[in-house]
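In: What follows is a predicted structure for the sequence shown.
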Amino acid sequence: MIKTDAIIIGAGPTGLFAVHQLGIIGLKCEIIDNLDRAGGQCIELYPDKPIYDIPAIPECTGEELTNGLLKQVAPFKANFHLNQRVEEIKQENNSWILKTNKGNTFSAPNVIIAGGVGSFEPRKLTLKEAEKFEGNQIFYSVVNKNIFQNKKISIFGGGDSALDWALELSKTNEITLIHRRTEFRGAAHTLSEIKQKEKEGKILIKTPCTLKSIEGDKVMTGIKIEHEDGTLENIKTDYILSFFGLIMKLGPIAEWGLNIDKKTIPVNTETFQTNKEGIFAIGDICTYPGKLKLILSGFHEGALAARACFKRAKPDETYRFEFTTASKNIHDRLGLKK
Amino acid sequence: MPIIKIVPKITYIAHDKKKNTVEVPVGLTVMEGALQNNIQGIDADCGGSMACATCHVYIPENWFNKIEKLHDAEQDMLDMAFEPKKNSRLSCQIIVSEDLDGLEVMMPIKQT
């Protein structure tokens, strides 16, 4: 069990800046995120889209913002626990005990939920019969590409993931690429490679088409797709790969006994504490009168929540407000040379 | 002459055909109109940054061309939506104007 002063759930921009705010007041923290890297929505949904409303940064991408924050919090050496989701929280005396789906446990007097709209999950196929083949013949990401050798693979989607995997897997498999419209969205060189593979007969493209049904009882044998004019076509398929991006699910947070209002958590705007003492919520996941879902607001909320954490983490010490420009304590914590 | 301003009425039709007509002030999006009036069926997870496709609606034929045309980025995002069709739009990208008074939008059976 890892013991610390505060546990941050969610490594998006708000969670990352909370690491900073805890760090400069001398509190240690651990940060947990379901994704395989830090950055949250910024890195997962719009890494290349410019953001124009970060103070003093006229323009930056989601990726640049994330990298800047990671650099800013590096001196505090917070541990990142990625690829795992917090499943349960329980109270033990004055501490909260958290358990992740990877079996890691944490203990701290403070928990800061910076979970955005929840954890990201792949968007699944909408057909009900897809469920029984998921994980065996239907995949939403490729974990082990070696299982695909001399197979018939139907790939759904029109973006980078669908195109990249169509190209990669076409080296050793028969690929059918199916998309609901004729335009694909990808890098120019990717699109020309796809065209080339189509000419060579390595990739069969079916557009505009949608998945109509999945054939097979215990084992999937094929699929039926529907063309725009309503005609149906059977395609023999060993595997389906489906790339329709990610959705956000509140997930287990909903079961922790917190007040929840339309998928957000009401907080007290003085401390950003929820209805549970020692559990705070900041960023897009919190709500209060006048709440704006801005990264800017998340930074402010984290600063206040961090101060509130101090009292619970160090009940015998007095918190004193200090400026980063002038405080020797803060300079030490930032690892600055004298 | 008095100036008469209308507050457009927008009708949200759920998958089970239940209709909900509300006034949505000019300048708000069709997505915000749903959220502010507690209309179920539009999730709007990303808050209107065109990053999630969970405010997806279908527009009746007679209205589709009256709405400002959709751009590439919206079309790309619609690829991710639940059962997109030719008349699909993201309601966060439809800004309510007086011309849209009476607009009906149909919501998919679910958003994800």
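Out: Received the coordinates, thanks. Treat the numbers as computed from the prediction; the structure is a model and nothing was measured.
In: Show me where chain B has its strands.
Out: According to DSSP state E, chain B carries its strands in the segments B:9-13, B:19-23, B:56-58, B:88-90, B:104-106.
In: and those as TSV, adding mean neighbour count and distance to chain A?
Out: (C-beta placed from N, C-alpha, C; glycine too.) Below are those laid out as TSV (neighbours: other Cβ atoms under 10 Å in any protein chain shown; distance: least, Cβ to the nearest Cβ, whole Å):
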stretch	mean neighbour count	distance to chain A
strand B:9-13	19	16
strand B:19-23	13	17
strand B:56-58	25	12
strand B:88-90	25	10
strand B:104-106	21	17
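In: Tell me which of these sits nearest to residue A:272.
Out: strand B:88-90 (31.0 Å; Cβ to Cβ).
In: Mind listing the strands the closest one pairs with, and their directions?
Out: Each strand paired with strand B:88-90, and its direction, by DSSP bridges: strand B:56-58 (antiparallel).
In: Can you lay out the strands of chain B as JSON lines showing mean pLDDT?
Out: Formatted as JSON lines, the strands of chain B follow (pLDDT from 0 to 100):
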{"stretch": "strand B:9-13", "mean pLDDT": "97"}
{"stretch": "strand B:19-23", "mean pLDDT": "97"}
{"stretch": "strand B:56-58", "mean pLDDT": "97"}
{"stretch": "strand B:88-90", "mean pLDDT": "97"}
{"stretch": "strand B:104-106", "mean pLDDT": "97"}
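In: possible to save these as JSON lines with distance to residue A:109?
Out: Compiled in JSON lines, the strands of chain B are given as follows (distance: least, Cβ to Cβ, whole Å):
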{"stretch": "strand B:9-13", "distance to residue A:109": "45"}
{"stretch": "strand B:19-23", "distance to residue A:109": "45"}
{"stretch": "strand B:56-58", "distance to residue A:109": "42"}
{"stretch": "strand B:88-90", "distance to residue A:109": "42"}
{"stretch": "strand B:104-106", "distance to residue A:109": "48"}
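In: Could you say which one of those strands comes nearest to residue A:174?
Out: Closest among those, using Cβ to Cβ: strand B:88-90, at 31.0 Å.
In: For the nearest residue to residue A:275 once chain neighbours are set aside, pull up the helix or strand it's in.
Out: Distances taken as Cβ to Cβ, 6 or more residues apart in numbering or on different chains put residue A:259 closest to residue A:275, at 4.7 Å, once the chain neighbours are dropped. According to DSSP states H and E, residue A:259 maps onto no helix or strand at all.
In: Residue A:212 versus residue A:259, what's the distance?
Out: Residue A:259 is 43 Å from residue A:212, where distance means Cβ to Cβ, to the nearest Å.
In: need the residues of chain A near chain B, please.
Out: Residues of chain A that fall close to chain B, judged by Cβ under 8 Å from any Cβ of the partner chain: A:41, A:45-46, A:117, A:123, A:126, A:157-159, A:179-181, A:183, A:185, A:244-245, A:247-249, A:284, A:293.
In: Of those residues, just the buried ones, ChimeraX syntax please.
Out: Only the buried entries of those go into this ChimeraX selection, using 16 or more other Cβ atoms under 10 Å in any protein chain shown:
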select /A:41,45,46,117,123,126,157,158,159,179,180,181,185,244,245,247,248,249,284,293
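In: out of everything not next to it in sequence, what's closest to residue B:57?
Out: In space, residue B:57 is closest to residue B:105, 4.0 Å off (Cβ to Cβ, 6+ apart).
In: Likewise for residue B:78?
Out: Of all residues not flanking residue B:78 in the chain, residue B:84 sits nearest, at 4.7 Å (Cβ to Cβ, 6+ apart).
In: Same question for residue B:64.
Out: Distance criterion Cβ to Cβ, 6+ apart; nearest residue to residue B:64, sequence neighbours excluded, is residue B:87 at 5.4 Å.
In: ok, the one you found touching residue B:59?
Out: Yes - contact criterion Cβ atoms under 8 Å: residue B:87 and residue B:59 qualify, at 5.0 Å.
In: These two - which one has more neighbours?
Out: residue B:59 (22 against 14; other Cβ atoms under 10 Å in any protein chain shown).
In: how about the more buried one, phi and psi?
Out: Here is the backbone geometry of residue B:59 (degrees, to the nearest 10): phi -110, psi 130.
In: which residues does it contact?
Out: Contacts for residue B:59 (Cβ atoms under 8 Å, 6 or more residues apart in numbering or on different chains) come out as B:67, B:87-89, B:103, B:105-106.
In: try 6 Å
Out: If a contact means Cβ atoms under 6 Å, 6 or more residues apart in numbering or on different chains, then residue B:59 has B:87, B:89 as its contacts.
In: Report pLDDT for the residue nearest the centre of chain B.
Out: Nearest residue to the geometric centre of chain B (Cα atoms, centre = their mean): residue B:91, 3.2 Å. We have a pLDDT of 97 for residue B:91.
In: Please save the CA atoms from the worst-scoring helix or strand of chain B on mean pLDDT in CSV.
Out: When the helices and strands of chain B are scored by mean pLDDT, DSSP states H and E, helix B:72-78 comes last with a mean of 90. In CSV, the C-alpha atoms belonging to helix B:72-78 read as follows (Å, rounded to 0.1, in the frame of the first residue of the first chain):
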residue,chain,number,x,y,z
ASP,B,72,-15.0,18.7,-42.4
ALA,B,73,-14.2,18.6,-38.7
GLU,B,74,-17.9,18.0,-37.8
GLN,B,75,-18.2,15.4,-40.6
ASP,B,76,-15.1,13.6,-39.2
MET,B,77,-16.5,13.7,-35.7
LEU,B,78,-19.9,12.3,-37.0
